[in-house]
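Chemist: model this:
(4 chains)
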Number of protein chains: 2
Amino acid sequence: MVKRTSFEGDACPIARSLEAIGDWWSLLIIREALFGVRRFGEFQSNLGMAKNILSVRLRAMVDHGILTTAPASDGSAYQEYVLTPKGRGVFPVLVALRQWSEEFDDRPEEIATILVDRDKGRPVKKLELRAEDGRLLTPAETTLKPRPARRRSAG
Amino acid sequence: MVKRTSFEGDACPIARSLEAIGDWWSLLIIREALFGVRRFGEFQSNLGMAKNILSVRLRAMVDHGILTTAPASDGSAYQEYVLTPKGRGVFPVLVALRQWSEEFDDRPEEIATILVDRDKGRPVKKLELRAEDGRLLTPAETTLKPRPARRRSAG
DNA sequence: TTGTGTGGTTGCATCATAAAACCATGCGCC
DNA sequence: GGCGCATGGTTTTATGATGCAACCACACAA
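Modeler: So this is what the prediction gives:
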């Protein structure tokens, strides 16, 4: 197989996420969707991507439960693509990517926008990883444990 | 050009991040590196990926300042690949991907590991986006603003 | 019926990826 | 000091993914 090695059966949750949204376009499509974009043509012109690729990606994300097709909404007879809760759950990933760029990009002056708290107009805080008791955690202060079996092994 | 449309000059920081780490393997390589993997062969066998691709990815990430090559460390005469601060800064992205999978994966029982606080052995908290004053923010409570110009326009 | 706009699908050229073969170096061994 | 083997890659070659352009389908209007 010279296929693009699927991570579908992988036990690592990171690999499993990448299986769904780890390609070039999906995260940008979700970014647009979070801004309220719903129509095929709007995705296409905003992202400047090929229509066939967009078509394939939208369908894949619908299959993954990230998007849903809604029959209409503003009168026109075409369907729309709206985020499911699973799709909206990608938001922290996008924020993490954004903040990584803001912190480490070699040409930060080329970054056009900052993410702000809508109420105050002030930049948001950096995402922080905290322990159950609220302690800030560095990567080294974390570790992986085997997932505990579900009670009754989920019959 | 039928190239894989580069986002290099894009003003969106998310696109810029994806330009560097948005491909199939880079994030998994960084995941391994955060676990302490440093050697070519170890990356290769842990990830089960083709050696040529690994070679290309490692070089690209070195070029991007995510990894550095260290001449040696444990006696053997080969070089190693170690994360830079920029590389370690990817950690929140990986955590966000992991948590997305944990929350929304269709087959969560296939996820093998959970991320825990090393001290207490307890699961870490979900990443949260907060305003400057500490208020929890939903996507809808955020917005984008043009980046303010640097003082003196960085003459 | 023709024309236009939206929402796609199809065809074909090109690029990226993957597997395997090959090459280079270091090292144990005799 | 030549032989085999492990490590760390590079080259070769086949195929899947991507991108552009052209085409098709449907709704609506004149």
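Chemist: what distance do you get for the spatially most central residue of chain A to residue A:148?
Modeler: Nearest to the geometric centre of chain A sits residue A:90, at 3.4 Å (Cα atoms, centre = their mean). Counting by Cβ to Cβ, to the nearest Å, the gap from residue A:90 to residue A:148 is 26 Å. The C-beta positions use only the backbone N, C-alpha and C, and glycine is treated the same way.
Chemist: do the same with residue A:81
Modeler: In this view, residue A:81 and residue A:148 are 37 Å apart by Cβ to Cβ.
Chemist: now do residue A:77
Modeler: From residue A:77 across to residue A:148, the span is 50 Å (Cβ to Cβ).
Chemist: now residue A:21, nearest residue through space, not along the chain?
Modeler: Nearest residue to residue A:21 in three dimensions, chain neighbours excluded: residue A:27, at 5.7 Å (Cβ to Cβ, 6 or more residues apart in numbering or on different chains).
Chemist: what's the neighbour count on the residue nearest to residue A:119 when sequence neighbours are not counted?
Modeler: Spatially, and ignoring its direct neighbours in sequence, residue A:119 is nearest to residue B:141 (7.0 Å; Cβ to Cβ, 6+ apart). The local packing of residue B:141 (other Cβ atoms under 10 Å in any protein chain shown) involves 14 other residues.
Chemist: pLDDT at residue A:15, what is it?
Modeler: pLDDT for residue A:15: 94.
Chemist: wait, a helix at it?
Modeler: Yes: per DSSP: H, G, I helix; E, B strand; the rest coil, residue A:15 lies within a helix segment.
Chemist: do stretch A:103-110 and chain B meet at all?
Modeler: Yes: residues of stretch A:103-110 are located near chain B by Cβ under 8 Å from any Cβ of the partner chain, namely A:103-106, A:109-110.
Chemist: domains in chain A, by residue range?
Modeler: For chain A, automatic domain parsing gives the domain ranges A:13-84, A:90-138.
Chemist: quote the end-to-end distance of the shortest one.
Modeler: Distance between the boundary residues of domain A:90-138 (Cα to Cα, to the nearest Å) amounts to 22 Å.
Chemist: now residue A:115, what's its secondary structure?
Modeler: Strictly by three-state DSSP, residue A:115 counts as strand.
Chemist: do I have it right that it meets residue A:125?
Modeler: No: contact criterion Cβ atoms under 8 Å: residue A:115 and residue A:125 do not qualify, at 10.3 Å.
Chemist: how about residue A:144: what's its closest non-neighbour residue?
Modeler: In space, residue A:144 is closest to residue B:113, 4.3 Å off (Cβ to Cβ, 6+ apart).
Chemist: thought the one you found was touching residue A:14?
Modeler: No: using Cβ under 8 Å, residue B:113 makes no contact with residue A:14, being 9.9 Å away.
Chemist: neighbour count winner among the two?
Modeler: Between residue B:113 and residue A:14, residue A:14 has the larger neighbour count (other Cβ under 10 Å), namely 24 against 16.
Chemist: contact partners for the more buried one?
Modeler: Residues in contact with residue A:14 (Cβ atoms under 8 Å, 6 or more residues apart in numbering or on different chains) are B:27-28, B:31, B:94, B:97-98, B:101.
Chemist: give the contact list for residue A:34.
Modeler: Neighbouring residues of residue A:34 by Cβ under 8 Å, 6+ apart: A:83, A:88, A:90-91, A:94, B:139.
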